[in-house]
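>>> with the input below, show me the fold.
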Amino acid sequence: MATDESQNLPKVIVFIKPPVFTLLGEHYFHSPIFQFLKAYESPLPLHQFLTTHAHSIQAILSSGGAPVTADILDKLPSVRLVVTTSAGLNQIDLPACRLRGVAVANAADVYSADVADLAVGLLIDVLRKISCADRYVRQGLWVTKGDYPLGYKLGGKRVGIVGLGSIGFEVAKRLEAFGCHISYNSRKKKPYASYPFYSNVHELAANSDALVICCALTDQTRHMINKEVLLALGKEGVIVNIGRGAIIDEKEMVQCLVQEEIRGAGLDVFENEPDVPQELFAMDNVVLSPHRAVFTPESFKDLAELVVGNLEAFFLNKPLLSLFGDE
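Numbers count the residues shown, from 1 in each chain. Predicted coordinates:
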């Protein structure tokens with residue numbers, strides 16, 4: 001129950017319960033500087049809840065399932081900050097925020113190491129057939145069918161990274177240690193990276209044995225990995241996606257897998273989550289993960305510290321810890 005003192009604290013609205021609240025614990029997000037208003041605990045319809053608290057809400061804590069739209073911002077004229085629990089910002093109307101002078105702070109590189117670990121894990125799993133081999137043993141097929149088919153070596157593979165931001169760079173460093181040859185595509189060439197740069201993702205695919213998708217989902221990157229890119233990757237090619245599902249044209253990818261026009265896929269994200277194309281379930285050359293690349297207690301504790309730090313900095317008129325700015 002809120003005390004009189006907490007009632008007077010600045011208000012931060014939370015539309016839906018972020019997964020991190022459940023998985024880590026809300027107590028990690030407590031602060032003497034601000035108070036969360038939890039719309040999901042109110043019996044009021046959202047529009048009525050917003051109307052009731054419109055002028056007291058100064059910030060929004062956003063998570064993937066609750067978009068921050070221009071309409072929401074119009075209903076909350078006192079909001080000057082959106083803090084998100086994700087590194088990606090496709091659920092936030094950034095032009096609307098800019099127009100209204102609303103700052104945006106994201107998870108920055110909190111998740112980068114964990115996401116990179118999973119990306120490499122998915123690639124190894126697809127190539128060496130680890131998950132499939134596990135099923136083979138558990139089902140007793142080693143006894144009845146004999147030796148399992150060969151997997152493929154990771155070392156020496158040409159890996160193209162789509163999006164050499166903080167996650168992509170962590171993926172590159174890990175794969176370099178395995179003896180892979182790294183190249184990349186990004187919006188612009190990175191001055192800190194010595195890897196070959198391809199301004200065209202089709203050319204990157206044509207010169208890669210595997211593509212690892214690490215970029216953000218934007219209007220420009222939606223379905224960027226289309227049929228032509230997949231065909232350029234070729235029959236020996238593997239695709240790994242730890243970005244967002246809609247960066248790949250999912251229907252075309254499924255068809256390429258069905259028709260064996262690419263070798264395999266490791267997927268943590270999908271276009272219409274939690275719905276996953278049924279065709280993928282029976283494929284031994286596909287490894288599926290339920291959008292959990294960032295889900296470790298270590299990253300969540302770092303995230304809680306960053307979220308609270310951003311909100312406290314905002315209310316104390318200090319610089320934000322992870323202010324998002326367009327490059």
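>>> burial measure for Ser194, as a count.
The tally of other residues near Ser194 (other C-beta atoms under 10 Å) stands at 7. Using the backbone N, CA and C atoms, a C-beta is placed for each residue, glycine as well.
>>> should've said Lys188
A total of 9 residues lie near Lys188 under the criterion other C-beta under 10 Å.
>>> pLDDT score for it?
For Lys188, the pLDDT comes out at 94.
>>> which SSE is it in?
Using DSSP states H and E, Lys188 sits within no helix or strand.
>>> let's verify Glu299: helix, strand, or coil?
If you look again at residue 299, you'll see it is Ser, not Glu. Under DSSP: H, G, I helix; E, B strand; the rest coil, Ser299 falls in the helix class.
>>> and the residue lying closest to Ile248 once chain neighbours are set aside, its phi and psi?
Excluding the flanking residues, the one nearest Ile248 by C-beta to C-beta, 6 or more residues apart in numbering is Ile225, at 4.2 Å. Reported as degrees, to the nearest 10, the phi and psi values for Ile225 are phi -90, psi 90.
>>> same check on Leu37?
Note on Leu37: backbone dihedrals following degrees, to the nearest 10 are phi -100, psi 120.
>>> what does the one 10 residues further on give?
For His47, the backbone dihedrals (degrees, to the nearest 10) come out as phi -60, psi -40.
>>> so who does it touch?
Residues in contact with His47 (C-beta atoms under 8 Å, 6 or more residues apart in numbering) are Lys75.
>>> tell me the domain boundaries of this protein?
Listed domain ranges for the chain are 5-106+296-316, 112-288 (source: the TED database).
>>> can I get those in a markdown table with distance to Gly325?
Shown next, in a markdown table, are those (distance: least, C-beta to C-beta, whole Å):
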| stretch | distance to Gly325 |
| --- | --- |
| domain 5-106+296-316 | 9 |
| domain 112-288 | 13 |
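>>> now find how far off-centre stretch 300-315 is within its chain.
From the chain centre to the centre of stretch 300-315 is a distance of 19 Å (C-alpha atoms, centre = their mean, to the nearest Å).
>>> please enumerate residues in contact with that stretch?
If you take C-beta under 8 Å, 6+ apart as the criterion, stretch 300-315 is touched by 10, 12, 20, 23-24, 28-31, 33-34, 58-59, 61, 80-81, 83, 85, 103, 105, 107-108, 110-111, 318-322.
>>> got the buried residues for it?
Buried positions in stretch 300-315, judged by neighbour count with 16 or more other C-beta atoms under 10 Å: 300, 302-304, 306-311, 313-315.
>>> and Leu280, how far from Val212?
Applying C-beta to C-beta, to the nearest Å, the value for Leu280 to Val212 is 18 Å.
>>> quick one: which of the two has more around it?
Higher neighbour count among Leu280 and Val212: Val212, with 29 against 19, using other C-beta under 10 Å.
>>> OK, contacts around the more buried one?
Contacts of Val212 (C-beta under 8 Å, 6+ apart): 119, 123, 159-162, 168, 171, 240-242.
>>> among the residues you listed, which lie within strands?
159-162, 240-241 (DSSP state E).
>>> what's around Thr22, how many residues?
9.
>>> right, and the helix or strand after the helix or strand containing Ser131?
Secondary structure from DSSP H and E places Ser131 in helix 130-138. Next helix or strand after helix 130-138 toward the C-terminus (DSSP H and E): helix 141-145.
>>> count the residues that sit near Ile213.
Here the count is done by other C-beta under 10 Å, and Ile213 has 27 residues near it.
>>> is it in a bridge, and if so with what?
Val162, Asn241 (DSSP bridges).
>>> from what I see, the residue nearest to Ile248 and Asp249 are in contact.
Yes. Contact status for Ile225 versus Asp249: in contact at 6.6 Å, counting by C-beta atoms under 8 Å.
>>> which of these two has more neighbours?
The residue with more neighbours, out of Ile225 and Asp249, is Ile225; 27 against 20, by other C-beta under 10 Å.
>>> distance-wise, check that one relative to Thr84.
According to C-beta to C-beta, Ile225 and Thr84 sit 24 Å apart.
>>> in strands, which of the buried residues of stretch 300-315 appear?
Using DSSP E, none of the buried residues of stretch 300-315 sit in strands.
>>> which two in those are spaced the farthest apart?
Distance extremes for those: the farthest pair is Phe300 and Phe315 at 22.7 Å, using C-beta to C-beta.
>>> going by distance to His181, which of the contacts of Val212 wins?
Val159 (7.0 Å).
>>> which residues touch Glu273?
By C-beta under 8 Å, 6+ apart, Glu273 lies in contact with 245, 291.
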